[in-house]
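Chemist: What shape does this take:
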Amino acid sequence: MSCNKTVAPLRIDPKPWLFAAKTTGACLLALFIAFRFNLDQPQWTLLTIFIVAQPGTSGGILGKSFSRLIGTFIGAAVALILVGLFAQERVLFLGALAIWIGICTFGSQLVRSWTNYAFVLSGYTAAIIGIPATLNPDNTFYLATARLTEICLGIMVGTAINQLIMPARMTDSLKRALADTRRTVSGFAAGVLNDGDVTGERAGVVSAVMRIEDLLNSAVFEDVPTRLASNQIRGLAGALVDVLAAAQPLQRQLRAPSNGRQPAGCFVPWQTRTEAAEAIMSWESGGLDAVALTERLRALRFAEPVTEASNGELLELDASAVLAGRFATFVESFAACARAWEAAANRRPGPLSLFALDPADDRFSATLTGVRSALAVIAAGLFWILTAWPRGYMAVLLTALGTSRASTMGNVVPLAIATTMTFGLSFIPSFILCEVLLPGVSGYPMFALFVGPMLFLFALLMTNKRTFVIGYMAAMLFLNVSGFQNRMTYDPIAFINITLAGIFASSVSGLLWAMIAPDTRYKQRLRFARTARKGTRLLFDTRAGTSRLTRFESTVGGAVIRFARALRLDRAEDEACMQAALVLLGTGRELALRTQAACLSSDMKSLFMPCGDAHPGLPTASSCDLLEGTRIAMNDCLVALSRESVDTGTLLRAVRDLGSAMDEFVQQDSPVVSEARATSDVC
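Modeler: Next up, the predicted model:
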């Protein structure tokens, strides 16, 4: 008896190996050029290549390189100014440098894309040039030009290698992401219309928004059409968030208990919902374009006209009228999203179609990050001055570099722990290579043969998300301690001291981030709650006018996406937080639509001031009470979200209470119901 077993072929993804090979080749070529022209410290050329390296894309290289150039020149100019002012006063110099790094770190938290990288570079380039210059003020200008030359060489070589040798185009990844987004948002919308479980699809839409934003930040550097259509693509991200917001009140009402009674007079036929879902899926498959989809959805009849109603039927009539309106609002939101998707996918240049998500982070949190970075530099500087450690300047330099860079990577405390462990573990192989093997090497080919495999290993580790920090930080240590020069000087004591300086820098950064307002899950929820309160104030601001909806969704929608980046939706607590954030967004959107419509015809003060006199088209006195109840419920939901320890049950109850308060307000203010009441009163 014979057994035939089929062995699956071993599949090896070539992309990580290609990235590692290109990064290693760029380092060796740049090092050869630096040796050829006898540059002062070629390790900064190699550090630049590893810092700007972006696994899996060439656009990321271009984006980071462009920002690094800008940040480098600004940082060099600031370094020259600081050294010129405080060359003989290390305390004043370190204080001014700490303030500058704090300002740059603060700025990096308020912007996204590679612009924040320019802020970071402006900070630690000033440290790279300024700190060694204080030890030798007479050569400040020479040091500045030398660092600029080495950094620019690394940027040019790294960019050229990645662009010329089998480039990985970010625009291709963006096109695939847009195609996936079309399927995801269509599945989500169809599931909402059919009252299905769309938890997975909802998470997919949120992930799609994050992916589009991340890819666009790099793709604009690769392709002119993409750059010209960047407003449309950002508008698509806003449209996706708008679909999520419009779905919240509709889903809530569909799942509300009906108490065994059927809606009277006004209802949404199941056939209509099915036709809407079929039209959406037809657009997803390419059977309809966005214009045809919009026409078909607008032609659907979501509600039957109300002819008469008795007082006993008004409650069900309220709910059915609101349900019909929410269905119509949702499909209109999806139609707008479809139009935005086609504009983005076809890369049509033009102004912003809908609204862009606000990328700015919370100013209070950004200030804390800047303060922590400044304190880290001050602490390292004081240690250098008080101990007179010969390599103390390296500890300050690495602290400045580490705190500035880590501020944009997130999870600083775990990152600092991982960095410290990586420095300790990579010390032995780095020491063996640099202080044992390399002294016996003669000629650049043999030198490259020994150094190349180590660089290749670091770059290969960077291609995996789980090992990225290990590869990146091991490369940072290796290139700092190696001190590659045309004429090498091997100094084991200096090697050990620089390693200790790196461990000291990562430890100081981790301790400060752990002790001074640590960025915990609680602080992340507080950050979102502060931004949500800012957006909520727009809803009740009499000066907001007709822009309240756009401003609210841009502010709170951007906060929701930033909040989602910090959550793990497989955890019950984080899923409840995400649900609360989306319900707040959906409630605010519905409030903005109603208050904005009222603002078109009358003074908004009459809506939010005491309602003694009724105005046509505006809420009655009882509606104003319900509106105030909705505002209180929104605040209660934010309070539950802002507690140090989230009680999932309490938070979900607050979410349900908010939904109930909003439903009561909307039903009381329904124009269809108001007309029915008037007719009933006449009868």
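
Chemist: Nearest residue to A279 in space, ignoring adjacent ones along the chain?
Modeler: Spatial nearest neighbour of A279, chain neighbours left out: R296 (4.8 Å); criterion: Cβ to Cβ, 6 or more residues apart in numbering. All C-beta spots, glycine's among them, are computed from the backbone N, C-alpha and C.

Chemist: got it, and L94?
Modeler: Nearest to L94 is G381, by Cβ to Cβ, 6+ apart, at 3.7 Å.

Chemist: Tell me how many other residues surround that neighbour.
Modeler: A count of nearby residues for G381, using other Cβ atoms under 10 Å, gives 24.

Chemist: Same check on T274?
Modeler: 13.

Chemist: Can you name the element that comes right after the host helix or strand of it?
Modeler: Taking DSSP states H and E as the definition, T274 sits inside helix 270-284. For helix 270-284, the following helix or strand on the C-terminal side (DSSP H and E) is helix 290-299.

Chemist: buried set for that following helix?
Modeler: The neighbour-count check on helix 290-299 (16 or more other Cβ atoms under 10 Å) flags 290, 293-294, 296-297 as buried.

Chemist: and those residues as CSV, adding pLDDT?
Modeler: Converted to CSV, those look like this (pLDDT from 0 to 100):
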residue, pLDDT
A290, 90
L293, 91
T294, 90
R296, 89
L297, 87
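
Chemist: avg pLDDT for the helix holding T274?
Modeler: Mean pLDDT, computed over helix 270-284, is 86.

Chemist: Can you list the helices and strands that it packs against?
Modeler: Here helix 270-284 touches helix 170-193, helix 290-299, helix 314-345, going by 3 or more Cβ pairs under 8 Å, 6 or more residues apart in numbering; DSSP states H and E.

Chemist: Just the pLDDT for D318.
Modeler: In this model, D318 is scored at 56, pLDDT.

Chemist: ugh, wrong one, I meant P610
Modeler: According to the prediction, P610 has pLDDT 35.

Chemist: How about D669?
Modeler: So, for D669, pLDDT stands at 56.

Chemist: Please apply the same query to the one 3 residues further on.
Modeler: In the predicted model, V672 carries a pLDDT score of 42.

Chemist: burial count for L449?
Modeler: By other Cβ under 10 Å, 12 other residues sit near L449.

Chemist: ditto for S207
Modeler: Around S207 there are 18 residues (other Cβ under 10 Å).

Chemist: which strands and helices sit next to the helix or strand where it lies?
Modeler: Assignment of secondary structure by DSSP H and E places S207 within helix 199-219. Contacts defined by 3+ Cβ pairs under 8 Å, 6+ apart place helix 199-219 against helix 59-86, helix 170-193, helix 230-254, helix 548-565.

Chemist: Next SSE downstream of the helix or strand containing the residue nearest to L94?
Modeler: Using DSSP H and E, G381 maps to helix 363-387. As assigned by DSSP H and E, the chain's next helix or strand after helix 363-387 is helix 392-406.

Chemist: any idea of the mean pLDDT in the very next helix or strand once past that following helix?
Modeler: Toward the C-terminus, helix 392-406 is succeeded by helix 412-431 as the next helix or strand (DSSP H and E). Average pLDDT, helix 412-431: 86.

Chemist: Helix 412-431 - contacts with which helices or strands?
Modeler: So helix 412-431, by 3+ Cβ pairs under 8 Å, 6+ apart, packs with helix 392-406, helix 468-482, helix 492-515.
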